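Undergrad: how would this look folded up:
(one chain, ligands or ions: 1)
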Amino acid sequence: MIIQLPTLTSRYTHQIIIGGDFNEDIINGASSQRKKCINDFMQDHELSSKETGLTFIHSNGKDATAIDFILYQNKYSENIIDIKKLNVTSNVSDHYPILLSVLHHQKKLNTSEKSQISTKTFNKRIKWDKIDTGKYASLISTEISSTRCKIQNREDIVSGFSTLNNIIIKATKVFAPKSNKGKKKPKLQVMNEEIRKAISNKKVAFYNWKNNGSINDQHNYYLKQKKLTTYELRKQCRLEIALRRINERQKLIESKVSDTKTFFRMIRNQRGKMSKHIDELNVDGQIYNSDNQIINGWHIHFEELAKKSVNTKFDHKHLENVEKEVKVISDICQERYIHMQVTNKEKLKKDFGIWILSLHGTNGLDPETILTLVKTYVLPILTYGLEILIPKGKSLTTLNLYHKKLLKQLLSLSTNTADPAIYILSGMIPIEAELHIKILTLFGTISRSEKTSNEWRIAERQLKLKSFNSNSWFIDIKKICLLYNIENIEKYLDNPLTKSKWKSFIDNKVQSYWTNKILDDSKMYSTLQYMNCQYTIGKIHPLITTKTANNRDIVRIPSRTKIATGTYIFQSNRASFNKNKVNPTCKLCNKSPETLSHFLLTCESLEMVRKRLVDIIIDMGSELLAKSYFAEEVDLVQLIVNPFYYTVNKCNNEIVQNIAGQLERVCRQLINNLHMKRYDLLTKQQKCEKKNNLS
Ligand SMILES: [Zn+2]
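TA: Residues are numbered from 1 along each chain as shown. Model (predicted):
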């Protein structure tokens, strides 16, 4: 090969670049026959090269030798921008690829010349049956008669032909319909059998409409058909998109703590179409490209986010909130946490917490999905290690406050929402109960260990000897047991229950205690009068679930929960807060105090929005409730605010399902529409008042 090189270079006049495996370190290697030969060749032809480091990976996996080089001519050295070794993670060769960047001038194509050509030719198929051929012919004949071309010699024939040709092209351009080229229709994002059918129906309807004169009268049968099929197609597309959303949501709900796959899938989804081209994460110029590195980069990115942001598009208020929360988490951790080396997994989990916060409100995730993500990814971090150092006093309060605030934010509840409502709606237990379960679980593990083991013996001694004032972990356990009516904890140390029995035992004790406590508490709040006694731990309240994962339904939930938890502020509330210095009269109609029932049922200004939906609610409600036995009277306000009130103590799951599937949606719609209308009217009023004040 080296012998052939001189002949190659002498034959061409172009710039020459030679690259490849030289089987020799031609720059720093020890002298050898081959090296001498190559160096001579380079000298003869005025070639240079550049070091790029070790390029050949030995079969033992270590970078071993530098044997790959790129040679270039000295006279073109200004054109060589860079030669470098690439670190491509997907590289399977035993050589590293080497990248040469060369300066290259590409002549710009002369576009004006091109457009001149296109005026001379006409490369389009003409649909002659659609053209007014009479007008076309008359235009050509007038043009021809105006040219007065006389044919006398050979040149005249050529020029005459070209003139004739131009006339024909000109006439064709006038009458042929304009090309639609370049106007691309947006591509459908989804496709299935139904959509395909809907498309073909739409096409048929369009053809029929066109063939019957393209009449744009809205009573025309064909136009109606055309509209109907278009509507059907859109509907099918929406259905398919919704179905995909539901599946996606299901996957999120089923995701596990250790599930890094879901994490990377979400990242890919976020990248969308570009994910084919993006396989690395760029954080402030630093590139991360393997999976583990990306987690690192992700971490650094979020650390940076919590510190500062120069991005003007960023939601700073939200960022501030996130920052505060991160601080609370880290404060809690620092106070109450045995510091261990945080592994990548831990970091990943922590980031998930912050990330879920950033999802809130923007991504259209419904409360159920968000809560599941919190349970899987945030709670384990929040309570990590706290079963050993049991938080008490101030740090427990901080933790509790943070937990409640997080839930309120995620459920779009206002900050003054009564605490029991958070747990009733989310089906979650207070963080304290969460910790108690962890602590008792740890005790269960100790009780099942060998009676000769250190921890078992410590447990026995401390439970017997320490006084109730002691700070011992085991005395704390005793106090916790007292709370949950677990008597004689020593008994379980001597005769431990099996893992699953112990778990169901403590779950049962803890859950029944908190169910009663929260329900009792809820009765003390007048704002929760319509929420009424439905608290199932682990089950999200049907008031905030959605069956469709439909955005339109999801955005209606916040105003709905504000009404249900009594935190929607009416004029009458404002009056009582301000000791009646504010007028409680409804600002919309000025007729009576604005209360919940006035807003929902009687305010005249909202009647337009209300009428149809209230009728549906009355019809649907009476039909649904009639199916189960009812002794009590049905209150319309209660039915709208929380229809599930009437399903308490009815061991009939079907009615809950029916209400959730049908009635609840209408109630949500009604409340949201009333809220929007009220807001709209009040804003208009305020604007008028401002104007009047100014003038
Ligand atoms: Zn009113």
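
Undergrad: The residue sitting furthest away from the middle of the chain and the ion, how far apart?
TA: Distance from the centre of the chain peaks at Gln152, with 78.2 Å (CA atoms, centre = their mean). Going from Gln152 to the ion by CB to the ion, to the nearest Å gives 95 Å. Just so you know, the C-beta spots here come from the backbone N, C-alpha and C atoms, and that holds for glycine as well.

Undergrad: go on, Arg612?
TA: Taking CB to the ion, one finds Arg612 at 19 Å from the ion.

Undergrad: With Leu681 instead?
TA: Leu681 sits 10 Å away from the ion, going by CB to the ion.

Undergrad: So what's the residue count around that residue?
TA: Using other CB atoms under 10 Å, Leu681 has 15 other residues around it.

Undergrad: My understanding was that it contacts Cys589; is that so?
TA: No - here Leu681 lies out of contact with Cys589, judged by CB atoms under 8 Å, at a distance of 9.7 Å.

Undergrad: Mutual contacts of the two, please.
TA: Common contacts of Leu681 and Cys589, defined by CB atoms under 8 Å, 6 or more residues apart in numbering, comprise Ser605.

Undergrad: Check the gap between the residue farthest from the centre of the chain and Ser145 for me.
TA: Gln152 is 19 Å from Ser145, where distance means CB to CB, to the nearest Å.

Undergrad: now swap in Pro558 and tell me
TA: 77 Å.

Undergrad: same thing with Gln669?
TA: Applying CB to CB to Gln669 and Ser145 gives a distance of 72 Å.

Undergrad: Have a look at these two and say which one is more surrounded.
TA: Neighbours were counted for Gln669 and for Ser145 using other CB under 10 Å; Gln669 has more, 18 against 8.

Undergrad: doesn't the more buried one fall inside a helix?
TA: Yes - assessed with DSSP: H, G, I helix; E, B strand; the rest coil, Gln669 lies in a helix.

Undergrad: what's the nearest residue to Asp82 if we skip its chain neighbours?
TA: Ser101 (4.6 Å; CB to CB, 6 or more residues apart in numbering).

Undergrad: I meant to write Thr585 there.
TA: Closest to Thr585 by CB to CB, 6+ apart is Pro593, at 6.0 Å.

Undergrad: Can you name the residues that contact the one you found?
TA: Gln571, Ser572, Ala575, Pro584, Thr585, Cys586.

Undergrad: can you check Asp132 too?
TA: For Asp132, the contacting residues are Phe175, by CB under 8 Å, 6+ apart.

Undergrad: And Asn74, by the same measure?
TA: With contacts defined as CB under 8 Å, 6+ apart, the neighbours of Asn74 are Glu46, Leu47, Ser48.

Undergrad: go again using 6 Å as the cut-off
TA: Going by CB atoms under 6 Å, 6 or more residues apart in numbering, Asn74 touches Glu46, Ser48.

Undergrad: neighbours around Thr55, how many?
TA: Neighbour tally, Thr55, other CB under 10 Å: 21.

Undergrad: Surely it touches Pro97?
TA: No - if you go by CB atoms under 6 Å, Thr55 and Pro97 don't touch, sitting 8.8 Å apart.

Undergrad: Can you list the low-confidence ranges for the stretch 1-150 of the chain?
TA: 1-13, 58-63, 89-92, 108-124, 149 (pLDDT under 70).

Undergrad: in it, which spans are strands?
TA: 17-21, 47-48, 56-57, 63-65, 68-73, 80-85, 98-102 (DSSP state E, counting those that start in this stretch).

Undergrad: Go through the ones you listed and name the closest to the ion.
TA: Proximity to the ion (CB to the ion) singles out strand 98-102 among those, at 72.5 Å.

Undergrad: quick check: angle from the closest one to strand 17-21?
TA: 170 degrees (axes from the mean of the first three to the mean of the last three CA atoms, to 10 degrees).

Undergrad: give me every residue that touches Ser141.
TA: Going by CB under 6 Å, 6+ apart, Ser141 touches no other residue.

Undergrad: Repeat that for Leu639.
TA: Counting by CB under 6 Å, 6+ apart, Leu639 has contacts Gly621.

Undergrad: do that again at 8 Å, thanks
TA: Here Leu639 is in contact with Ile617, Gly621, Tyr645, Tyr646, Cys667 (CB under 8 Å, 6+ apart).

Undergrad: From the residues you listed, pick the one nearest Leu239.
TA: Distance to Leu239 across those (CB to CB) is lowest for Cys667, with 23.6 Å.

Undergrad: Ignoring the adjacent residues along the chain, who's closest to that closest one?
TA: Closest residue in space to Cys667, ignoring its immediate chain neighbours: Ile640 at 5.2 Å, by CB to CB, 6+ apart.

Undergrad: Flag every buried residue along the helix or strand where the one you found lies.
TA: Element membership of Ile640 [criterion: DSSP states H and E] is helix 636-641. The neighbour-count criterion (16 or more other CB atoms under 10 Å) identifies Leu639, Ile640, Val641 as the buried residues of helix 636-641.

Undergrad: of these, the lowest pLDDT goes to which?
TA: Within the buried residues of helix 636-641, pLDDT reaches its minimum at Leu639, with 85.

Undergrad: Look up how far Leu399 lies from that one.
TA: Distance, Leu639 to Leu399, by CB to CB: 38 Å.

Undergrad: And for Asp132?
TA: The gap separating Asp132 from Leu399 is 82 Å, by CB to CB.

Undergrad: do the same with His95
TA: 55 Å.

Undergrad: Specify which residue of the two has the higher count of neighbours.
TA: For His95 versus Leu399, the count of surrounding residues by other CB under 10 Å is larger for Leu399: 25 against 14.

Undergrad: related to what we said a few turns ago, residues contacting the residue nearest to Asp82?
TA: Per CB under 8 Å, 6+ apart, neighbours of Ser101: Ile80, Ile81, Asp82, Ile83.

Undergrad: List the contacts of the last one.
TA: Okay, so that is Ile83. Ser49, Lys50, Thr52, Ile70, Ile98, Leu99, Leu100, Ser101.

Undergrad: So the fourth one sits against Gly19, correct?
TA: What that stands for is Ile70. Yes - in this structure Ile70 lies within contact range of Gly19 using CB under 8 Å: 4.0 Å.

Undergrad: Now the common contact residues for those two.
TA: Joint contacts of Ile70 and Gly19 (CB under 8 Å, 6+ apart) are Ile98, Leu100.
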